[in-house]
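Q: This is a predicted model, with the sequence first.
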Amino acid sequence: MDMDGFVSLQDLPASQVAVADWLARKYKVAPEPLAALVVEAHALSKKTKLAPHFILAVMAIESNFHPYVQSQAGAQGLMQVMTDIHVKRYEVYGGRLAAFDPISNLRVGVAVLSEAIKLRDGSREEGLKFYLGGYGLTEDGGYVAKVFAEQALLDQVAAGQKVPVQ
């Protein structure tokens, strides 16, 4: 990763290049910053034991890889973290505006998601529901299914299969 936070695609393993390229085409974002997110998802995967394609799928469903998105509820950035709730987690990255820094948001979002899954006895489904709406969530609107479907597509892309972006 260079000092701009971008990654040259030629520096990545073929499976990561395929994933970055496919996501860039599907979500109409530049491949170099997206490659940095792919690399970071792999690094966070080692720390949290969450699959990198699971992490990337959450990002895709949450924000379509647009780092400046904000929900009506106040969730911000790539991972749609509730910044007001998790403001302390952003202190190490320079404060609440770090919610809009893609790598910082990814790191905080994965920490929150990983914790949610642990609190739900390791269930990714229940952890995702909690990540989406906290304790009060009764209906996820297909969110969990969308995340798992996106992860399955990313797994296929990484395995070298031709997957349409539509």
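A: Done, it's in.
Q: Hmm, residue 15 is touching residue 158, no?
A: Yes. If you go by Cβ atoms under 8 Å, residue 15 and residue 158 touch, sitting 4.1 Å apart. Where you see a C-beta, it was placed from the backbone N, CA and C, and this is true even at glycine.
Q: Between those two, point out the one with more neighbours.
A: More crowded of residue 15 and residue 158, by other Cβ atoms under 10 Å: residue 158, with 21 against 18.
Q: For that one, give me its contacts.
A: By Cβ atoms under 8 Å, 6 or more residues apart in numbering, the residues touching residue 158 are 15, 16, 18, 19, 53.
Q: Could you find the closest non-adjacent residue to the last one?
A: Distances taken as Cβ to Cβ, 6 or more residues apart in numbering put residue 154 closest to residue 53, at 3.9 Å, once the chain neighbours are dropped.
Q: Check whether residue 129 really touches residue 144, as I assumed.
A: Yes. Using Cβ under 8 Å, residue 129 is in contact with residue 144, at 6.4 Å.
Q: now the strands for this structure?
A: Shown for the chain, the strands assigned by DSSP state E span residues 75-76, 81-82.
Q: Of all these, which one is nearest residue 59?
A: Smallest distance to residue 59 across the strands of the chain (Cβ to Cβ): 11.1 Å, for strand 81-82.
Q: Could you list every helix and strand in contact with the closest one?
A: Counting by 3 or more Cβ pairs under 8 Å, 6 or more residues apart in numbering; DSSP states H and E, the packing neighbours recorded for strand 81-82 are strand 75-76, helix 102-119.
Q: sorry, back to before: which of the strands of the chain is buried the deepest?
A: Of the strands of the chain, the one with the most neighbours on average (mean count of other Cβ atoms under 10 Å) is strand 75-76, at a mean of 24.
Q: And the average pLDDT for that strand is what?
A: Mean pLDDT, strand 75-76: 95.
Q: cool, stretch 8-25 as well?
A: 93.
Q: Just the CA atoms of it, as PDB, please.
A: What follows is stretch 8-25, C-alpha atoms only, in PDB (Å, rounded to 0.1, in the frame of the first residue of the first chain):
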ATOM      1  CA  SER A   8      -1.300  -1.500  -7.200                       C
ATOM      2  CA  LEU A   9      -3.200  -4.500  -8.500                       C
ATOM      3  CA  GLN A  10      -0.100  -6.100  -9.800                       C
ATOM      4  CA  ASP A  11       1.200  -6.500  -6.200                       C
ATOM      5  CA  LEU A  12      -1.700  -8.700  -5.200                       C
ATOM      6  CA  PRO A  13      -2.400 -12.500  -5.500                       C
ATOM      7  CA  ALA A  14      -4.500 -13.300  -8.600                       C
ATOM      8  CA  SER A  15      -7.600 -14.200  -6.500                       C
ATOM      9  CA  GLN A  16      -7.500 -10.800  -4.800                       C
ATOM     10  CA  VAL A  17      -7.000  -9.000  -8.100                       C
ATOM     11  CA  ALA A  18     -10.100 -10.800  -9.500                       C
ATOM     12  CA  VAL A  19     -12.100  -9.800  -6.400                       C
ATOM     13  CA  ALA A  20     -11.000  -6.200  -6.500                       C
ATOM     14  CA  ASP A  21     -11.600  -5.900 -10.300                       C
ATOM     15  CA  TRP A  22     -15.000  -7.500 -10.100                       C
ATOM     16  CA  LEU A  23     -16.100  -5.300  -7.100                       C
ATOM     17  CA  ALA A  24     -14.800  -2.200  -8.900                       C
ATOM     18  CA  ARG A  25     -16.900  -3.100 -12.000                       C
END
